[in-house]
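> Prediction below, plus the sequence it came from.
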Amino acid sequence: MKTLRSTLVFLWMAVTVIPAATLLCVFSLIVSADRLWWWIAHPWLSAAVAAVKYVGGVKYRVRGLANLPDPRNRQHIILCPKHQSTWETFFFPSMMPTPLAYVFKRELLLIPFFGWALARLEMVHIDRSARGEAWNKVASLGSTLMDRGKWVIMFPEGTRTARGEQGLYKTGAARLAMATQAHIIPIAVSSGRCWPRRSFRFIPGVIEVSIGEPIIPAAGESSVELMARVEAWIESEMRVIDAEAYSDMIVGKHWSEDPLSLDDPDQHF
């Protein structure tokens, strides 16, 4: 039954993404990216999360919503979630009160329909082989998009980590926050419990999402120190919302001074 339910969800996604992406690409010629977000991208992502919930049996519970700022104040915001699954890449855009701009490797643009739609939504796609150029693009385009009211979302570990594991935290989000006076919103997500990475089968259950208080760059603080604070909150909170998966893990000192470590072929942001 689990296999059947999972198959139905992925079949629905595969079938519906084609007309949705086609509409988005066509309408991108005449309407703004923000309208495309609310008219097409947001409804499709919300429907995908609902399909996973009602057909796949994967429910979710969110705590800390009050820690999200009012999007009307145009404050620079960088979301930094734990990355265990594809689920959160669909969920966060579906529930946030403002359009998001993902930072991701440009190879994703080659995915038929889905990647073509991504290209029309004003996000930050980078060439992982050109590190300096990639960071410059993140800094300049990320700042421009935040000036327009979008929130930038970066997965600090870069790639998806297995449930109970802790990846190396890159300093890219911290450097961008320091350059733009942005607030970092740390987010812990136990999605690996119900949708393991590289898996096409759901495990019915409840995903816990915990949103932390904004972390603000301090005067004289380095990007490494700032990211260490982000890491400490996320990893400590993971041990609260998914304690059984982290019984023998130690928090801390899992960071890299490389802001955009792109060696892993599975990495995306």
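Done, it's in.
> Going by C-alpha atoms from here, please, whenever you check contacts or count neighbours.
OK.
> quick one, strands of this structure?
For the chain, the strands defined by DSSP state E cover 58-63, 77-81, 100-105, 124-126, 151-153, 169-170, 183-189, 205-211, 255-256.
> Can you add mean neighbour count, distance to residue 27 and mean pLDDT and give those strands back as JSON lines?
Below are those laid out as JSON lines (neighbours: other C-alpha atoms under 10 Å; distance: least, C-alpha to C-alpha, whole Å; pLDDT from 0 to 100):
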{"stretch": "strand 58-63", "mean neighbour count": "14", "distance to residue 27": "32", "mean pLDDT": "97"}
{"stretch": "strand 77-81", "mean neighbour count": "26", "distance to residue 27": "28", "mean pLDDT": "96"}
{"stretch": "strand 100-105", "mean neighbour count": "23", "distance to residue 27": "19", "mean pLDDT": "92"}
{"stretch": "strand 124-126", "mean neighbour count": "23", "distance to residue 27": "20", "mean pLDDT": "89"}
{"stretch": "strand 151-153", "mean neighbour count": "26", "distance to residue 27": "23", "mean pLDDT": "96"}
{"stretch": "strand 169-170", "mean neighbour count": "26", "distance to residue 27": "36", "mean pLDDT": "92"}
{"stretch": "strand 183-189", "mean neighbour count": "24", "distance to residue 27": "32", "mean pLDDT": "97"}
{"stretch": "strand 205-211", "mean neighbour count": "20", "distance to residue 27": "33", "mean pLDDT": "97"}
{"stretch": "strand 255-256", "mean neighbour count": "20", "distance to residue 27": "41", "mean pLDDT": "48"}
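> Of those, which is nearest residue 36?
strand 100-105 (12.2 Å; C-alpha to C-alpha).
> Note down every partner strand of the closest one and its orientation.
Sheet partners assigned to strand 100-105 using DSSP bridges are listed as strand 124-126 (parallel), strand 151-153 (parallel).
> got those strands as TSV, with distance to residue 70 columns?
Output for the strands paired with strand 100-105, formatted as TSV (distance: least, C-alpha to C-alpha, whole Å):
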stretch	distance to residue 70
strand 124-126	23
strand 151-153	12
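> Give me the neighbour count for the nearest residue to residue 226 once chain neighbours are set aside.
Nearest-residue entry for residue 226: residue 174, 6.0 Å, with adjacent residues in sequence omitted and distances by C-alpha to C-alpha, 6 or more residues apart in numbering. By the criterion of other C-alpha atoms under 10 Å, residue 174 has 29 neighbours.
> The one 4 residues further on now?
When neighbours are counted by other C-alpha under 10 Å, residue 178 registers 20.
> For it, which non-adjacent residue is closest in space?
In space, and not counting its chain neighbours, residue 178 is closest to residue 217: 6.1 Å by C-alpha to C-alpha, 6+ apart.
> for the protein, longest helix please?
Looking only at the chain and at elements set by DSSP state H, the helix with the highest residue count is helix 2-27.
> Show me the shaky parts of the stretch 101-250 of the chain.
By pLDDT under 70, the low-scoring segments of the stretch 101-250 of the chain are 128-131, 248-250.
> those helices in it, which residues are they?
114-119, 131-147, 172-180, 223-241 (DSSP state H, counting those that start in this stretch).
> could you dump those helices to TSV with distance to residue 54?
Listed next are the helices of the stretch 101-250 of the chain as TSV, based on distance: least, C-alpha to C-alpha, whole Å:
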stretch	distance to residue 54
helix 114-119	23
helix 131-147	34
helix 172-180	34
helix 223-241	22
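> ranking the ones you listed by burial, who's on top?
helix 172-180 (a mean of 23; mean count of other C-alpha atoms under 10 Å).
> by contact count, what packs against it?
Under the contact definition 3 or more C-alpha pairs under 8 Å, 6 or more residues apart in numbering; DSSP states H and E, helix 172-180 sits against strand 77-81, helix 131-147, strand 183-189, helix 223-241.
> From the chain's centroid, how far away is it?
Offset of helix 172-180 from its chain centre (C-alpha atoms, centre = their mean, to the nearest Å): 16 Å.
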